[in-house]
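Student: this one's structure only:
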């Protein structure tokens, strides 16, 4: 079937790109955009602006962009903030994770290791078109291998929770962690560093029969192992859900415990609960009914974990190569990118299989979701 791109304003008519039977009847996913560069994570503002990162894996010039049509974008928040320069760190250096809050502030995680600036969380107010605030994450809150790349915004407890994969330069996932930032004071904490719930399991990431490998310390190929990646929180701000990308376990911890500074690392670790089985997954989101949505990077699909804690495939599409960021929108849909990471040259003997266009999809979840989760 030849697909056409739906105009963003007319997408409610829908288009079938994938069929699954997780419920009764076919599920629908729409192609929102076909773009010239790989899309990482997505943020949807309360007025339905689509903001996204260009995946840093491919070293894009424009780090963050706003969708302007189904095939075009412009730098977000502007060109200056996408241009590294000396004498200031008021620019976006290396971005994957971002999310909008309910007030229209887009919170952008700058991992910082491309031009070696201090990692930071940048808030840009889309109503005033001005910088809202910067929170810094210096050492030891981040470390040499840190790759903080996904975020939850907890307005109730005035906190940000950020997943650090620990696969930045020099990192191997063994010090994956969750970073907590106090919204009011800017105070930061690093918790669950190297915990069994945040570090990767020793399982390969296999796409189309190909195990993804990199050169190990001995120069021999070794499977990629990615630590704490997806992170989300229920709408009551009671539980934070998270998982390493490489692994078969999804975890959760009570927000009250995560923020209890009296707990020792061992005591906090004991509070973490294994919630369900899962495949190797990147993004994680949640709806108002508590259903969790996972981007299954190996199988070009979106999975769901419901109240029964059972993982099911929700929808799939052959062009959804490495589904990455996933987020809810005020329009009742969830949006997901297909970044094509697994098709990159380094995983195919130096011959790139990733190609334009890069897709953004949207689909109807079981229930509406929360934009900041």
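Tutor: That came through fine. Please read these numbers as outputs of a predicted model, since none were measured by experiment.
Student: Isn't residue 155 up against residue 372?
Tutor: Yes: contact criterion Cβ atoms under 8 Å: residue 155 and residue 372 qualify, at 7.2 Å. To be clear about C-beta, it is placed using only N, CA and C from the backbone, and glycine gets the same treatment.
Student: who has more neighbours, the two?
Tutor: Neighbours of residue 155 and residue 372, each counted by other Cβ atoms under 10 Å, are more numerous for residue 372; the result is 24 against 12.
Student: Now for residue 155 and residue 372: what residues contact both?
Tutor: 101, 102 (Cβ atoms under 8 Å, 6 or more residues apart in numbering).
Student: gap between the helix ranked longest in the chain and the chain center?
Tutor: When secondary structure is assigned using DSSP state H, the longest helix within the chain turns out to be helix 265-271. Helix 265-271 sits 25 Å away from the centroid of its parent chain (Cα atoms, centre = their mean, to the nearest Å).
Student: what do you get for stretch 275-284?
Tutor: A distance of 12 Å separates the C-alpha centroid of stretch 275-284 from that of its chain, computed with Cα atoms, centre = their mean.
Student: what comes into contact with it?
Tutor: For stretch 275-284, the external contacting residues (Cβ under 8 Å, 6+ apart) are 41, 150, 203, 205, 229-232, 241-243, 245-252, 292-299, 303, 305, 309-311, 322-327, 336.
Student: From those residues, which land in helices?
Tutor: Under the assignment DSSP H, the contacts of stretch 275-284 contribute nothing to helices.
Student: could you flag which of those residues are buried?
Tutor: In the contacts of stretch 275-284, burial by neighbour count holds for 41, 150, 205, 229-232, 241-243, 245-248, 250-252, 292-299, 303, 305, 311, 322-327, 336, counting by 16 or more other Cβ atoms under 10 Å.
Student: what about the helices in the protein?
Tutor: Using DSSP H, the helices of the chain run over residues 255-258, 265-271.
Student: Show me which of the ones you listed has the highest average neighbour count.
Tutor: Mean neighbour count, computed with mean count of other Cβ atoms under 10 Å, is highest for helix 255-258 among the helices of the chain, reaching a mean of 18.
Student: Just list what that helix packs against, helices and strands only.
Tutor: Counting contacts by 3 or more Cβ pairs under 8 Å, 6 or more residues apart in numbering; DSSP states H and E, helix 255-258 packs against strand 239-244, helix 265-271.
Student: Would you enumerate the residues in contact with residue 368?
Tutor: In this structure, residue 368 makes contact with 287, 288, 328, 332, judged by Cβ under 8 Å, 6+ apart.
Student: make that residue 297, sorry
Tutor: Taking Cβ under 8 Å, 6+ apart as the contact definition, residue 297 lies against 205, 207, 245, 280, 281, 282, 322, 323, 324, 341, 342.
Student: would you list those in TSV and tack on pLDDT and distance to residue 256?
Tutor: Shown next, in TSV, are the contacts of residue 297 (pLDDT from 0 to 100; distance: Cβ to Cβ, whole Å):
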residue	pLDDT	distance to residue 256
205	98	34
207	97	38
245	98	27
280	98	30
281	98	26
282	96	28
322	98	35
323	98	32
324	97	31
341	97	35
342	96	38
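Student: before we move on, back to that, got a PyMOL select line for the buried ones in the contacts of residue 368?
Tutor: Provided next is the PyMOL selection string for whichever of those are buried by 16+ other Cβ under 10 Å:
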select buried, resi 287+288+328
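Student: thinking again about what came up before, restricted to strands, list the contacts of residue 297.
Tutor: Using DSSP state E to define strands, the subset of the contacts of residue 297 located there is 207, 281, 282, 323, 324.
Student: Span of stretch 204-223 from start to end?
Tutor: The separation between the terminal residues of stretch 204-223, taken as Cα to Cα, to the nearest Å, is 6 Å.
Student: sorry, back to before: return the closest of the contacts of residue 297 with respect to residue 116.
Tutor: Within the contacts of residue 297, distances to residue 116 taken as Cβ to Cβ reach their minimum at residue 341, with 23.4 Å.
Student: Surely that closest one and residue 55 touch.
Tutor: Yes: the criterion here is Cβ under 8 Å, and residue 341 meets it with residue 55 at 6.9 Å.
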